[in-house]
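1. my questions are about this predicted structure, shown below with the sequence.
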Amino acid sequence: MPGVMRNGAAKVRASVSHRVRTAMAVVAIGLGALAFSSCSVMNVLSLKPTVDNQTRTSAFSSQPRGLARLTPSGIREAAYPFMSRPSGLDMPASEVECRRVLRRLGVTYRDLAPINDGASCGIAHPVQVSMLPGNIEMKPAATLTCAMAASFASWTREQLSPSARWRYLSGVKTIHQGSSYSCRRIAGTSTPSEHSQGNALDVMRIELSNGRDIDVRKPGWFSFRQRSLLNNVRSGGCQYFTTVLGPGYNAAHADHFHFDIKDRSNGYVACR
């Protein structure tokens, strides 16, 4: 009888040992899977962006600007069927899609009749913008190409408004512009200005919701918040426009910021 009991106890111990080893194996497999999963997640979280978004003054850049930032195709003509045109408007599909972008951004605008002021002046499909994202008034209403309107609206929403809230704890109420479409040449040259194509806008003053006015002229030495905001206006604009010129560049731009989407070769950006 004692021998039988010893054999029975040995079998029990062997069975328990087998169960323990099996449980430990399952735990090890689970921990290994968890470690692999954690490693994968950490690798994804630690990935650095492949595009350097740092803005450089007057630098060559391949960064998308204007409408190319807002739609994957950059609103290419072939990407959108002509059946999507609004009834009564004879315009290419790219212009139709651009207006969809304006509506998504919350821009209040109206379509104008084509402008033709000569060989170098005019807009085939102009829009007149009266309100920007966040119920920011454009004063007076600006006549622009749709592409320029979308670029400016995107910059206002993503750069100007957050900068004002951060520095002044206030939203932007009104952007006072000094020139949108205008048939003229670049000062001192025979080259048509981007204003003559509706691709440019001059900002003179920014009125905040708290009643404060930000004059874009070069601020005094101790106007730290204003200086910081205007520096952000200049540097942040270089991600949305191909030209940003402001106070300190030359006498012609001493009292305003000039933004345009001039199409240059090699992606050259004039940010000064």
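-> Yep, that arrived.

2. all helices for the protein, in order.
-> 2-45, 67-70, 93-105, 146-155, 161-168, 224-237 (DSSP state H).

3. neighbouring contacts of stretch 177-192?
-> Contacts to stretch 177-192, defined as CB atoms under 8 Å, 6 or more residues apart in numbering, come from residues 115, 117-118, 120-123, 126, 138-140, 142-144, 193, 195-196, 198, 200-204, 252, 256. All C-beta atoms are positioned from the backbone trio N, CA, C, and that covers glycine.

4. show the buried residues in those residues.
-> 115, 121-123, 126, 138-139, 142-144, 193, 195-196, 198, 200-204, 256 (16 or more other CB atoms under 10 Å).

5. how near is M204 to T191?
-> 23 Å (CB to CB, to the nearest Å).

6. repeat that for P92.
-> 27 Å.

7. with neighbour numbers in mind, choose between the two.
-> Higher neighbour count among P92 and T191: P92, with 15 against 11, using other CB atoms under 10 Å.

8. against H176, how distant is that one?
-> Taking CB to CB, one finds P92 at 32 Å from H176.

9. what is the rounded mean pLDDT of stretch 224-241?
-> Averaged across stretch 224-241, pLDDT comes to 85.

10. same question for stretch 246-265.
-> 86.

11. i'd like the first residue to be 43 from this point on
-> With 43 as the first residue, the last one maps to stretch 288-307.

12. neighbouring contacts of that stretch?
-> In contact with stretch 288-307 (CB under 8 Å, 6+ apart) are residues 107-108, 189-190, 193-194, 197, 220, 229, 236-237, 241-246, 258-260, 272, 275-276, 279, 282-287, 314.

13. got the end-to-end distance for it?
-> 23 Å (CA to CA, to the nearest Å).

14. and what of stretch 228-244?
-> Length of stretch 228-244, first residue to last, CA to CA: 13 Å.

15. swap in stretch 162-171?
-> Start-to-end, stretch 162-171 (CA to CA) is 23 Å.

16. what's in contact with that stretch?
-> Counting by CB under 8 Å, 6+ apart, 133, 137, 141, 144, 149-158, 180, 183-188, 191, 194-195, 223, 225, 234, 238-240 sit against stretch 162-171.

17. show me the strands in the stretch 193-314 of the chain, by range?
-> 214-221, 242-250, 255-257, 285-287, 299-302, 312-313 (DSSP state E, counting those that start in this stretch).

18. I'd like the ones you listed written out as TSV, with distance to P175 added.
-> Below are the strands of the stretch 193-314 of the chain laid out as TSV (distance: least, CB to CB, whole Å):
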stretch	distance to P175
strand 214-221	10
strand 242-250	15
strand 255-257	18
strand 285-287	19
strand 299-302	16
strand 312-313	23
